[in-house]
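In: Model the following, please.
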Amino acid sequence: MSFLSGSYMSLAAMALAATSEGTTLKAVDAMLIGLADSTGVEGFDDRYYTGQVLFGLVFPGDPAEPPQSFGDLSDAQQRVVRFVADQGEAAWPSGATDALRRWKVPTRLSELRVYAGLGQLGQ
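Out: Residues are numbered from 1 along each chain as shown. You can find the predicted model right below:
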C-alpha cells in the first residue's frame, strides 16, 4: 500500500478518527499502544501519521479557553500528555507539537513531565 507509506496502523487511526468513537478512552488507548510499539526507523511512518491523527483528534483547533492545569484537560488529553512525557526525547510530528502549544501545554520534556505530575526524569 503506497498510501501513508504503507502504515496500516495510521490508516486504522484515520478511520477511527472519522467516527464518534475516535476520542473515547478505549480508542485513544488503542492508538497509544500502537504508538508505543512503533519504534526505530521501521516505526517512523506509523509514529508520524498516527501521531498526527491522534493529536489532531484530542487537541482540536484552538481551545475556547486554554486549560490552566493538567487537571483541566480531558481524560483522553491527560492520557496523551502522560504518554508523551513517558516517551522521553522521542520525536513527534510538528502537528503534535503545534497542537500542544495551541492548548498551552508545555512541549519541553522536563516541563511536560512536571505538568503531568510525573516529576523529573530519574526521580
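
In: For the protein, which segments count as helices?
Out: Secondary structure of the chain by DSSP state H: the helices cover 8-17, 25-36, 44-58, 75-86, 94-102, 109-115.

In: winner for burial among the ones you listed?
Out: Ranked by mean neighbour count under mean count of other CB atoms under 10 Å, the helices of the chain are led by helix 44-58, which reaches a mean of 22. Every residue, glycine included, has its C-beta placed from N, CA and C.

In: what mean pLDDT does it have?
Out: What helix 44-58 shows for mean pLDDT is 86.

In: For that helix, C-alpha coordinates in CSV please.
Out: C-alpha atoms of helix 44-58 as CSV (Å, rounded to 0.1, in the frame of the first residue of the first chain):
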residue,chain,number,x,y,z
PHE,A,44,8.8,6.1,11.9
ASP,A,45,5.8,6.3,9.4
ASP,A,46,3.4,4.7,11.9
ARG,A,47,4.5,7.1,14.6
TYR,A,48,4.4,10.1,12.3
TYR,A,49,1.0,9.6,10.7
THR,A,50,-0.8,8.1,13.8
GLY,A,51,0.6,10.9,16.0
GLN,A,52,-0.7,13.5,13.6
VAL,A,53,-4.2,11.9,13.7
LEU,A,54,-4.2,11.4,17.5
PHE,A,55,-3.0,14.9,18.4
GLY,A,56,-5.4,16.5,16.0
LEU,A,57,-8.2,14.4,17.5
VAL,A,58,-7.7,15.0,21.2
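
In: Quick check: which helices or strands does it pack against?
Out: The contact analysis (3 or more CB pairs under 8 Å, 6 or more residues apart in numbering; DSSP states H and E) places helix 44-58 against helix 8-17, helix 25-36, helix 75-86, helix 94-102.

In: which one of these lies closest to Leu109?
Out: helix 75-86 (7.0 Å; CB to CB).

In: now the helices and strands packed on helix 44-58 as CSV including distance to Arg108?
Out: Formatted as CSV, the helices and strands packed on helix 44-58 follow (distance: least, CB to CB, whole Å):
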stretch, distance to Arg108
helix 8-17, 26
helix 25-36, 20
helix 75-86, 11
helix 94-102, 10
